[in-house]
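Enquirer: quick one, fold the following:
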Amino acid sequence: MTPTTRIYRTFQRYQQFFTWGDLAILAGIAVVIYLGARLAFNAPPVILGPTIILAPRALPWYALLSLGRMTTAYVLSILFTLF
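Expert: Numbering: from 1, shown residues only. Sure, this is the predicted structure:
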């Protein structure tokens, strides 16, 4: 039996397993994880949120705030799409 030659081959150059760029990215990820852990350990145990008014007269104000957030998100999405 004769060995068959392959028609479709992938020619790849030999490259190092890790380069300096890979090490820099890994170091950056390690720094971000370390900073996140330090911030998590120094966080206060209780964070007080805003007081929510449950009266029906507050509904138009909350609706206006929601409309403002939606408009801002829409404008930002249009800006990111166009530019």
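Enquirer: determine the longest helix present in this protein.
Expert: helix 59-82 (DSSP state H).
Enquirer: roughly how far apart are the residue nearest the centre of the chain and residue 41?
Expert: When Cα atoms, centre = their mean is applied to the chain, the residue found nearest the centroid is residue 32 (12.6 Å). Distance, residue 32 to residue 41, by Cβ to Cβ, to the nearest Å: 15 Å. Every C-beta, even on glycine, is put in place using the N, C-alpha and C of the backbone.
Enquirer: what's the burial count for residue 8?
Expert: 4 (other Cβ atoms under 10 Å).
Enquirer: pLDDT at it, what is it?
Expert: Per-residue pLDDT puts residue 8 at 76.
Enquirer: and for residue 23?
Expert: On pLDDT, residue 23 comes in at 94.
Enquirer: where does it land in three-state SS?
Expert: Under DSSP: H, G, I helix; E, B strand; the rest coil, the three-state class of residue 23 is helix.
Enquirer: before we move on, what about the one 5 residues further on?
Expert: For residue 28, the secondary-structure state derived from three-state DSSP is helix.
Enquirer: relative to residue 19, how far out is it?
Expert: With Cβ to Cβ as the criterion, residue 28 and residue 19 are 14 Å apart.
Enquirer: returning to that earlier point: what about the longest helix of the chain, average pLDDT?
Expert: Mean pLDDT, helix 59-82: 97.
Enquirer: and it, how far out from the chain middle?
Expert: In terms of Cα atoms, centre = their mean, to the nearest Å, the centre of helix 59-82 is found 21 Å from the chain centre.
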